[in-house]
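In: What follows is a predicted structure for the sequence shown.
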Amino acid sequence: SRQHGGVWDRWVHLSGWTHVMTGDPSAPTLAGFYALGVRNFDAQGAYDSLVRQATVPHPDGLSSYGCPGQCIGQRPNLAEYLAKGYAPQDTCRCWGGAAETLEDSVADYALADWGRRLGASASQTDSLMDRAGWWQHTFNPAATPEGGYQQARNADGSWVGGFTPSTQTGFAQGSSATYTWMVPHDVARLAEAVGGRERAIQRLDAFFHKADGSWQYTGGDALRYDPTNEPGIHVPWMYNALGAPWKTQETVRAMADLAYGTGPRGLPGNDDLGTMSAWYVFSAMGIYPQDPARAEMLLSSPVFERVVIHRGNGVDITIDSPGAGAENIYVQSVSLDGASRTQSWLPESVMTRGGTVRIDVGSEPNREWGTAEADRPIYHTD
């Protein structure tokens with residue numbers, strides 16, 4: 001907050017700026033640290049500085065220097081973004097207006113949630129939480145006859161023409177078909193937007209599978225899942241929120257087995273500061289962050305019989321799965337510290353205070369566990 005003029009660069013390398021990629025990732029990163037119990041930094045100062053970056057326009061935001069891949073503005077053309085509620089494709093000075101809107105919605109959610117933890121004013125956090133829903137302003141429900149998608153908009157409010165779900169116009173290293181799912185903090189409203197929970201499940205099934213029913217795991221198809229780059233790697237876990245956690249279990253395991261391997265070609269894409277590796281580690285443990293700003297963990301089937309995480313604050317998190325193996329990819333039941341748990345997610349307290357999670361697995365899906373409305377992940381966007 002007291003360095004570099006209060007500017008938080010997206011991708012710091014060797015203690016220097018690069019301006020690479022899109023959005024404002026420092027906000028969800030530090031909010032996530034705080035939710036996980038990390039306190040060895042000036043949390044209030046960092047929060048105040050990030051809120052300022054998100055609310056006070058900076059001169060760099062009016063520059064197109066470095067665009068598209070390294071736009072100098074960390075909240076590009078912020079005044080216009082705040083006025084319109086989205087980043088216009090034709091004037092945003094960013095790498096894709098729809099992508100920027102999605103990224104900033106996640107970042108603003110992170111600041112709203114973190115601010116509530118820090119005791120910030122309700123007016124500030126409510127405003128930021130409202131902005132967390134601005135992804136809806138670039139969601140065009142009539143984008144295709146089959147349903148809505150994220151689509152770039154111009155400053156006059158019109159949708160950018162020539163749209164197909166495979167377009168990268170308005171996006172950064174990904175297509176609309178991938179970016180439409182980039183709402184990890186607001187899955188319930190996203191499901192409503194695409195036509196309801198069952199329709200969302202159908203669309204995800206088609207996203208992960210080729211026309212012949214086999215898994216799409218190599219990238220290269222703009223209409224389907226791409227495990228080689230970050231914009232969509234959270235999507236296999238979204239079935240939990242839709243009440244079909246067994247589909248998360250089989251999809252996560254398929255991608256871990258098919259897209260990853262050993263040797264020099266073992267990662268599906270550029271590791272980008274360790275992100276691809278982290279995805280595999282989480283998936284192998286059977287847990288994954290529900291959204292990047294909080295500490296709840298979505299559940300799936302581990303590949304190890306036991307994992308013990310030794311946290312720096314002295315607590316241990318143990319994940320036991322006695323039947324773990326290549327064939328046993330489906331969760332049958334879960335217990336937390338000996339008590340049966342039907343929710344398809346773990347509370348923040350497990351990550352911060354420790355505990356023992358037991359995940360019993362089998363070779364056939366349990367279509368009852370984690371499916372009730374009360375057992376789906378909770379989204380804190382009210």
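Out: Arrived safely, thanks for sending.
In: Now the residue most central in space within the chain. Its backbone dihedrals?
Out: Centroid-nearest residue in the chain: residue 184, 4.4 Å away (criterion: CA atoms, centre = their mean). Dihedral pair for residue 184: phi -70, psi -20, per degrees, to the nearest 10.
In: Distance check, it against residue 18.
Out: Distance, residue 184 to residue 18, by CB to CB, to the nearest Å: 24 Å. Where you see a C-beta, it was placed from the backbone N, CA and C, and this is true even at glycine.
In: residue contacts, the residue nearest to the centre of the chain?
Out: By CB atoms under 8 Å, 6 or more residues apart in numbering, the residues touching residue 184 are 106, 234, 238, 290-292.
In: could these go into TSV alongside pLDDT, secondary structure and distance to residue 206?
Out: Below are these laid out as TSV (pLDDT from 0 to 100; DSSP: H, G, I helix; E, B strand; the rest coil; distance: CB to CB, whole Å):
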residue	pLDDT	secondary structure	distance to residue 206
106	98	helix	24
234	97	coil	18
238	98	helix	14
290	97	coil	24
291	95	coil	24
292	95	coil	26
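In: Mark which of these are buried, thanks.
Out: Those of the contacts of residue 184 that meet the buried threshold are 106, 234, 238, 290-292, by 16 or more other CB atoms under 10 Å.
In: Not counting its own residues, what contacts stretch 43-58?
Out: Residues outside stretch 43-58 that contact it (CB under 8 Å, 6+ apart): 1-2, 6-8, 24, 26-27, 30, 34, 73-75, 77-79, 82, 104, 107-108, 111, 114-115, 118, 120, 124, 128.
In: tell me the mean pLDDT over that stretch?
Out: Per-region confidence: stretch 43-58 scores 97 on mean pLDDT.
In: Buried residues in that stretch, which are they?
Out: Buried residues in stretch 43-58, counted by 16+ other CB under 10 Å: 43, 46-51, 53-55, 57-58.
In: roughly how far apart are the residue lying farthest from the centre of the chain and residue 320?
Out: Computed with CA atoms, centre = their mean, the maximum C-alpha offset from the centroid of the chain is found at residue 338, amounting to 30.2 Å. Separation of residue 338 from residue 320 (CB to CB): 11 Å.
In: Next: residue 62.
Out: Here the criterion is CB to CB. By it, residue 62 lies 55 Å from residue 320.
In: and the nearest residue to residue 126 once chain neighbours are set aside, what is it in contact with?
Out: In space, and not counting its chain neighbours, residue 126 is closest to residue 112: 7.6 Å by CB to CB, 6 or more residues apart in numbering. Counting by CB under 8 Å, 6+ apart, residue 112 touches 125-126, 128-129, 131-132.
In: Apply 6 Å and report the result again.
Out: 125, 128-129, 132 (CB atoms under 6 Å, 6 or more residues apart in numbering).
In: quick one: which of these sit in helices?
Out: Counting by DSSP state H, the contacts of residue 112 place 125, 128-129 in helices.
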